[in-house]
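J.: Need coordinates for the following:
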Amino acid sequence: MDTTTGPTFRDATDADVDALVALVESAYRGEASRAGWTTEADILEGQRTDPEGVLAVVKSPGSRLLTVEQDGRIVACCQIEHRGEYAYFGMFAVSPALQGAGLGKVVMAEAERQARESWGVTEMHMTVISVREDLIAWYERRGYRRTGKMSPFPYGDERFGVPQRADLQFELLVKSLV
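T.: Just a heads-up that it's a prediction; the model follows:
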């Protein structure tokens, strides 16, 4: 008999900060991240986020850090932020051990639903490191489109990691929610 329960969604609290930092780091940085397919270990070293950055998202008005629990553990998260006519989607992480099983699709769909219902927005925006072709293709399969609009990577700001190559930049992806 399967005793696992489906994911539950709630807003993050101050008490979740350390667990969320560990989740985000495990999904993107270091050897542990290689267990999943979202790793950035080959293009960035150092940290992906820190407790101050996560706490700022938790406390920010107009922003929510959706926390996803399964079997009593935090297994995924994402930020949605109200920015006028659209919402911004960020800080998306799924535990490497659970990647590839469909949880990311469920989390993304719930974030889009909540943004649409809470704020009445018609679009979701996100930025993705442009060299992450596999990740961008995954988002495109979820209905996001590449815009070609680029913004610079914050070279020299180690809060965002230590780049291992000189061609990093962010591309804006957009999805209609209507």
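J.: Could you point out which residue ranges in the chain have low pLDDT?
T.: Low-confidence segments of the chain, defined by pLDDT under 70, are located at 1-4, 29-41, 45-47.
J.: can you give me how far the longest helix belonging to it is from the chain middle?
T.: The helix that spans the most residues within the chain, counting by DSSP state H, is helix 103-119. Helix 103-119 has its average C-alpha position 12 Å from the chain's average C-alpha position, going by CA atoms, centre = their mean, to the nearest Å.
J.: Packing partners of that helix?
T.: Here helix 103-119 is seen to pack against strand 63-70, strand 73-83, strand 86-94, strand 123-129 when contacts are counted using 3 or more CB pairs under 8 Å, 6 or more residues apart in numbering; DSSP states H and E. Just so you know, the C-beta spots here come from the backbone N, C-alpha and C atoms, and that holds for glycine as well.
J.: So which of those strands is nearest residue 22?
T.: The closest of the helices and strands packed on helix 103-119 to residue 22 is strand 73-83. By CB to CB, the value is 8.7 Å.
J.: Next, the buried residues of that closest one.
T.: By neighbour count, and taking 16 or more other CB atoms under 10 Å as the criterion, the buried residues in strand 73-83 are 74-82.
J.: Compute the inter-axis angle for that strand and strand 123-129.
T.: Relative orientation of strand 73-83 with respect to strand 123-129: 110 degrees, computed using axes from the mean of the first three to the mean of the last three CA atoms, to 10 degrees.
J.: just use 59 as the starting number from now, easier for me
T.: Understood, numbering begins at 59; the last thing we discussed is strand 131-141.
J.: Run the chain-centre distance for strand 131-141.
T.: When distances are taken as CA atoms, centre = their mean, strand 131-141 is centred 7 Å away from the chain's centroid.
J.: What lies in contact with it?
T.: Taking contacts as CB atoms under 8 Å, 6 or more residues apart in numbering, the residues outside strand 131-141 that touch it are 65, 70, 74, 77-78, 81-82, 115, 118, 120-127, 145-153, 156, 161-162, 165-166, 169, 172-173, 176-177, 179, 182-183.
J.: what's the span of stretch 126-146, first residue to last?
T.: 18 Å (CA to CA, to the nearest Å).
J.: meant to ask about stretch 146-163
T.: For stretch 146-163, by CA to CA, the gap between its terminal residues amounts to 17 Å.
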